[in-house]
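Peer 1: Show me the folded form of this:
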Amino acid sequence: MDPVEALREIAYWLERGRAETHRVKAYRRAADIVAALSVEQRERLGRTETWTALSGIGPKTAAVIAEAYAGRVPRYLTEVKAKAGQIGAGGRELLAALRGDLHTHSDWSDGGSPIEEMMRRAALIGHEYCALTDHSPRLTVANGLSADRLRRQLEVIAELNAELAPFRILTGIEVDILDDGTLDQDEHLLAELDVVVASVHSKLSMEHDAMTRRMVRAVASPHVDVLGHCTGRLVEGARGTRPESKFNAEVVFEACRQFGTAVEINSRPERRDPPARLIATALERGCLFAVDTDAHAPGQLDFQGYGCERAQASAVPAERVVNTWPADELLAWTADRTVSR
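Peer 2: Prediction:
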């Protein structure tokens, strides 16, 4: 087994199991270090078994490298895979119906992995397509993409799509909903993208009526396909907890229905957004949904099971989840909505 592959597999399984970030990063960093070695350097280090001489390689990662270099599946990889349980057992039927993910991030914004690594993993776990939706420029803390950087990213995606076909990377963005409900990116550029997720990331405690107007204006945009993590709440995790934003859910979800904007069921364990009562409201209003991971690393792409479990518990029909649709049908929907509004 290739040592780089072994290290990245361990990082994936640790991440999937929600291990501490520093543990995941240690294996991913070790993979990058080994990947940068020449064939001659690998041979010398393998022959002398001096992997720990490399800065950033400790005893545990060195043991994995040595076993893989010797042609064996590392014991630790076998161990972490054996410990991995099913995610979202109560959402199996919907999970089986999903064809892709419409909300993911790469290291172009605040994700932890390159686009190629994210998308190869998405293909490996069975997705037919996956939208790359890095942040927009206002979110500087997340290294949001300017229009120029987003255009460069589109070129990278085009090249990768040629390599990864028939799997398809969908072009996209998670665009910030600004205070007045306008969108944080050039409208002509938004019109070129396959999928636009619009989310509130600032002034989450805005007054109820103002937040309602803000969200309605955003979902009414001809460019917005999905309303992301609508309450902005955090229920656990390293960032602590955060209460829901206050808005008139019936008005916002009626706008989503009227303008054909899907309501995201965000699968991240620390978000679980929207809460069940709001999923029920959106369902009653006749909304479409998207069950997304909001993944910032490859191991989080399996988090969809959490979202599927919540969607299934709320009796969301699979046909109303847009990422159960084939890619051509999904893209016809996003294109038609942009033209018809």
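
Peer 1: residue contacts, Lys83?
Peer 2: Contacts for Lys83 (CB atoms under 8 Å, 6 or more residues apart in numbering) come out as Gly17. The way it works is simple: take the backbone N, C-alpha and C, and place the C-beta from them, glycine included.

Peer 1: Please compute how far stretch 273-293 lies from its chain's middle.
Peer 2: Computed by CA atoms, centre = their mean, to the nearest Å, the chain-centroid distance of stretch 273-293 equals 18 Å.

Peer 1: my bad, stretch 154-163
Peer 2: The answer for stretch 154-163 is 18 Å, by CA atoms, centre = their mean.

Peer 1: list the buried ones in stretch 316-327?
Peer 2: By 16 or more other CB atoms under 10 Å, the buried positions in stretch 316-327 come out as Val316, Ala318, Arg320, Val321, Val322, Asn323, Thr324, Trp325, Ala327.

Peer 1: What pLDDT is listed against Arg341?
Peer 2: The model reports Arg341 with a pLDDT of 50.

Peer 1: what bits of the stretch 201-341 of the chain have low per-residue confidence?
Peer 2: Along the stretch 201-341 of the chain, the model assigns pLDDT under 70 to residues 337-341.

Peer 1: Now do the strands in this protein.
Peer 2: 100-101, 129-132, 168-176, 195-199, 226-227, 262-266, 289-292 (DSSP state E).

Peer 1: would a markdown table of those strands with mean neighbour count be doable?
Peer 2: Output for the strands of the chain, formatted as a markdown table (neighbours: other CB atoms under 10 Å):
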| stretch | mean neighbour count |
| --- | --- |
| strand 100-101 | 28 |
| strand 129-132 | 28 |
| strand 168-176 | 25 |
| strand 195-199 | 27 |
| strand 226-227 | 27 |
| strand 262-266 | 28 |
| strand 289-292 | 29 |
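
Peer 1: Can you tell me which of the ones you listed is nearest to Ile65?
Peer 2: Ile65 sits nearest to strand 129-132 of all those, at 29.7 Å, using CB to CB.

Peer 1: That closest one - what's its average pLDDT?
Peer 2: For strand 129-132, the mean per-residue pLDDT is 98.

Peer 1: and what of stretch 47-60?
Peer 2: Averaging pLDDT along stretch 47-60 yields 96.

Peer 1: now the end-to-end length of it.
Peer 2: Counting by CA to CA, to the nearest Å, you get 18 Å between the two ends of stretch 47-60.

Peer 1: all helices for the stretch 201-341 of the chain, in order.
Peer 2: Remark: helices assigned in the stretch 201-341 of the chain by DSSP state H, counting those that start in this stretch are 208-219, 249-259, 276-285, 304-313, 327-340.

Peer 1: And the protein, what are its domain boundaries?
Peer 2: Recorded structural domains for the chain (assignment: automatic domain parsing) are 3-83, 89-340.

Peer 1: okay, these, which one's buried deepest?
Peer 2: When the domains of the chain are scored by mean count of other CB atoms under 10 Å, the highest mean neighbour count falls to domain 89-340 (a mean of 20).

Peer 1: about what we covered before: pull the most distant pair out of the buried residues of stretch 316-327.
Peer 2: Farthest pair in the buried residues of stretch 316-327 (CB to CB) is Val316 and Ala327. Separation: 20.9 Å.

Peer 1: Let me know the pLDDT of the residue lying closest to Asn161 once chain neighbours are set aside.
Peer 2: Nearest residue to Asn161 in three dimensions, chain neighbours excluded: Ile169, at 5.4 Å (CB to CB, 6 or more residues apart in numbering). pLDDT, Ile169: 98.

Peer 1: wait, Ile169 sits on His127?
Peer 2: No - using CB atoms under 8 Å, Ile169 and His127 do not qualify as a contacting pair, with a distance of 10.1 Å.

Peer 1: Quick check: neighbours shared by those two?
Peer 2: With CB under 8 Å, 6+ apart, Ile169 and His127 have no common neighbours.

Peer 1: Could you dump the strands of the chain into a markdown table with distance to Ala249 added?
Peer 2: Converted to a markdown table, these look like this (distance: least, CB to CB, whole Å):
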| stretch | distance to Ala249 |
| --- | --- |
| strand 100-101 | 25 |
| strand 129-132 | 25 |
| strand 168-176 | 21 |
| strand 195-199 | 16 |
| strand 226-227 | 11 |
| strand 262-266 | 10 |
| strand 289-292 | 14 |
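
Peer 1: Any idea which of these gets closest to Leu189?
Peer 2: Nearest to Leu189, of all the strands of the chain, is strand 168-176, at 8.4 Å by CB to CB.

Peer 1: Counting by contacts, list what the closest one packs against.
Peer 2: Where contact means 3 or more CB pairs under 8 Å, 6 or more residues apart in numbering; DSSP states H and E, strand 168-176 is packed against strand 129-132, helix 147-164, helix 187-192, strand 195-199, helix 327-340.

Peer 1: how does it look with 10 Å?
Peer 2: strand 100-101, helix 115-124, strand 129-132, helix 147-164, helix 187-192, strand 195-199, helix 327-340 (3 or more CB pairs under 10 Å, 6 or more residues apart in numbering; DSSP states H and E).

Peer 1: Return the list of strands paired to the shortest one, each annotated with direction.
Peer 2: Each strand pairing with strand 100-101, determined using DSSP bridges, is listed with its direction: strand 129-132 (parallel).
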